[in-house]
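**Student:** this is the structure alone, sequence omitted:
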C-alpha cells in the first residue's frame, strides 16, 4: 500500500534512502563535522561504529525477513532495496537516529531538532517504501539508535579521554 501511495515520490525517497545510508554518514557527515568540532566527530564515529556492530549482532539471531523476500508484489529499487542480509533492525534507522540525535543534543537548537525529526521520518518512510524493511523493523532500528545514542553519551568522558 505504501509503495502505491507514495509512487510519485519514488525518486525523492530513493535519494533519502541513499543519503541516510550508514556509509554516507561515515564518508560525508563525520568528516565534514570534524572540520568544525573534533569532539563531536569523535562521538559520531563511535556512535557509527557501535551502531554498525550492534546492528549486525542483532540481525543474525533475529533473522528478520525483508518485505520483498516475503511478498512478490513488493517492488524493489535496485541497490537501495537489494540488501543481502536480514532486516531486523533497520541499520539505516539505527545509524541515522544515533548520529543525528548526538548532533541535535550537542547543538541544542530547535531548528536542527526539527530537521533531525524530518530526516528520521523521511528515512523511516523511505525504507518501508523501498521494500527494504517493515514498519516494525524500522521502529526497532529507531529504538536501537536511541539506545546507541544513550550509550555514547554515557561513555563520552571515556571516549574523549583517548
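**Tutor:** Arrived safely. The structure displayed is predicted, hence computed values, not measured ones.
**Student:** pLDDT value on the nearest residue to residue 21 once chain neighbours are set aside, please?
**Tutor:** Of all residues not flanking residue 21 in the chain, residue 92 sits nearest, at 6.4 Å (C-beta to C-beta, 6 or more residues apart in numbering). All C-beta atoms are positioned from the backbone trio N, CA, C, and that covers glycine. As predicted, residue 92 sits at a pLDDT of 89.
**Student:** could you measure from residue 92 over to residue 155?
**Tutor:** 23 Å (C-beta to C-beta, to the nearest Å).
**Student:** my read: residue 25 touches residue 97, true?
**Tutor:** No - contact status for residue 25 versus residue 97: not in contact, 11.1 Å apart, counting by C-beta atoms under 8 Å.
**Student:** more crowded one of these two?
**Tutor:** residue 97 (27 against 23; other C-beta atoms under 10 Å).
**Student:** hmm, that one is touching residue 119, no?
**Tutor:** No - between residue 97 and residue 119 there is no contact under C-beta under 8 Å: 9.4 Å.
**Student:** now do the SS call for residue 64.
**Tutor:** coil (DSSP: H, G, I helix; E, B strand; the rest coil).
**Student:** any low-confidence regions in this structure?
**Tutor:** Scanning the chain for pLDDT under 70 picks out 1-9, 67-68, 74-75, 77-83.
**Student:** which residues of it fall in helices?
**Tutor:** 2-5, 10-19, 22-24, 30-36, 38-62, 67-70, 91-107, 110-129, 135-161 (DSSP state H).
**Student:** can you tell me how far residue 41 sits from residue 57?
**Tutor:** 24 Å.
**Student:** more neighbours, these two?
**Tutor:** Ranked by neighbour count (other C-beta under 10 Å), residue 41 and residue 57 place residue 41 first, with 17 against 10.
**Student:** that one against residue 33, yeah?
**Tutor:** Yes - at 4.8 Å, residue 41 counts as touching residue 33 under the criterion of C-beta under 8 Å.
**Student:** count the neighbours of the residue nearest to residue 21 for me.
**Tutor:** The burial count for residue 92: 30, using other C-beta under 10 Å.
**Student:** ok, it - contacts?
**Tutor:** 17, 20, 21, 22, 123, 127, 132, 133, 141 (C-beta atoms under 8 Å, 6 or more residues apart in numbering).
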